[in-house]
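Novice: Take a look and give me a structure for this.
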Amino acid sequence: MKIVIPGGTGQIGASLTRAFAADGHEVVVLTRRPTRDGQVAWDGETLGKWAGAIDGSDVVINLAGRSVSCRYNKANLTEMMRSRVRSARVVGEAIAAAKEPPRAWLQMSTATVYAHRFDAPNDEATGVIGGLETGVPGYWAYSVDIATAWERELNEARTPRTRKVALRSAIMMSPDRGGAFDVLSRLARLGLGGPVAGGTQYVSWIHEYDFVAAVAFLIGRQDISGPVNLAAPAPEPQRDFMRELRGAWGIRVGLPATKWMAELGAFAIRSDTELLLKSRRVVPGRLLASGFEFTYSGWTQAARDLVQRARG
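Specialist: Residues are numbered from 1 along each chain as shown. Modelled structure (predicted):
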């Protein structure tokens, strides 16, 4: 297959590129700054010569959008919205204009679209879309707005010959440097990986291998379209999640952090506490119902594998 990945230079794109290339597929990455073979320049906003890479391809997996690992101030939130909406829109325009459009368009979305909740898990059928919760920072609703605007561009694109899937992804865990697992592991190894603000908020995650396998599964399933949750079946409260991560590293102590301490830590690493404090209790209802089998359904086994690979 020929697989085109707009915005594919980040951690998720690197994982997909490695896996698909290893399986013998042609992978083309669209990026603002191409540096190697297999990369094509685009601006993420306007049609250009890059659209030729999509014409005649088999699959498009659009990952483009400003990283969420930043302070959630007005400028960054605006850029998150702009980059996601415009890139999804122009990908749709390229597919619509193609003489030989891809048979599938997998559009990155996020599990953050679901409500901050503790009482029940969110699947695709019964999950509660967020934005109206009480007792949480008001700007959390903007993250939901970004996710729904992202998916709206996918849904409204006029691409009748291309099946469309929205990947509502939880945090992908990979041993690559700079990713979520790397950051959390550094905290754990410093003795700082304890409960945050009580630690009852749920962490939804997915192992790198299962993320890649789920994407390949969805490419092959012509009967699946619409939103699909990419998350392991067993989200865990943050305190348990970090305890098992510490155990995988052989670390006994994890100092707890209050909400204000989390604010200071997030400020220090130029990130935002929504990533730590929002309860993302997400489960992969459609994947499981369709027969997808997870290699790493539980966090204990996944964490041990990731630690072993990180050490290697």
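Novice: Going by C-alpha atoms from here, please, whenever you check contacts or count neighbours.
Specialist: Noted.
Novice: what are the phi and psi values for Gly198?
Specialist: phi 100, psi -30 (degrees, to the nearest 10).
Novice: Neighbours of it, how many?
Specialist: Applying other CA atoms under 10 Å, we find 15 residues neighbouring Gly198.
Novice: Could you do Ser109 as well?
Specialist: Neighbour count of Ser109, defined by other CA under 10 Å: 27.
Novice: Tell me how many other residues surround Trp249.
Specialist: By the measure other CA under 10 Å, the count of residues near Trp249 is 17.
Novice: got the contact list for the residue nearest to it when sequence neighbours are not counted?
Specialist: Using CA to CA, 6 or more residues apart in numbering and skipping residues adjacent in sequence, the residue nearest Trp249 is Val307, 6.6 Å away. By CA atoms under 8 Å, 6 or more residues apart in numbering, the contact set of Val307 is Pro175, Ala248, Trp249.
Novice: Kindly provide the distance from Thr295 to His207.
Specialist: Distance, Thr295 to His207, using CA to CA, to the nearest Å: 9 Å.
Novice: quick one: the residue nearest to Trp249 is in a helix?
Specialist: Yes: with DSSP: H, G, I helix; E, B strand; the rest coil as the criterion, Val307 is part of a helix.
Novice: any residues touching stretch 33-46, and which ones?
Specialist: With CA under 8 Å, 6+ apart as the test, stretch 33-46 has contacts from 27-32, 48, 50, 64, 83, 86-87, 89-90.
Novice: so what's the most centrally placed residue in the chain bridging to?
Specialist: Centroid-nearest residue in the chain, with CA atoms, centre = their mean: Ser169, separated by 4.1 Å. Under DSSP bridges, the beta-bridge partners of Ser169 are Leu230.
Novice: Do me a favour and average the pLDDT over the helix or strand containing Asn155.
Specialist: In the assignment (DSSP states H and E), Asn155 maps to helix 140-156. For helix 140-156, mean pLDDT is 93.
Novice: All set now, cheers.
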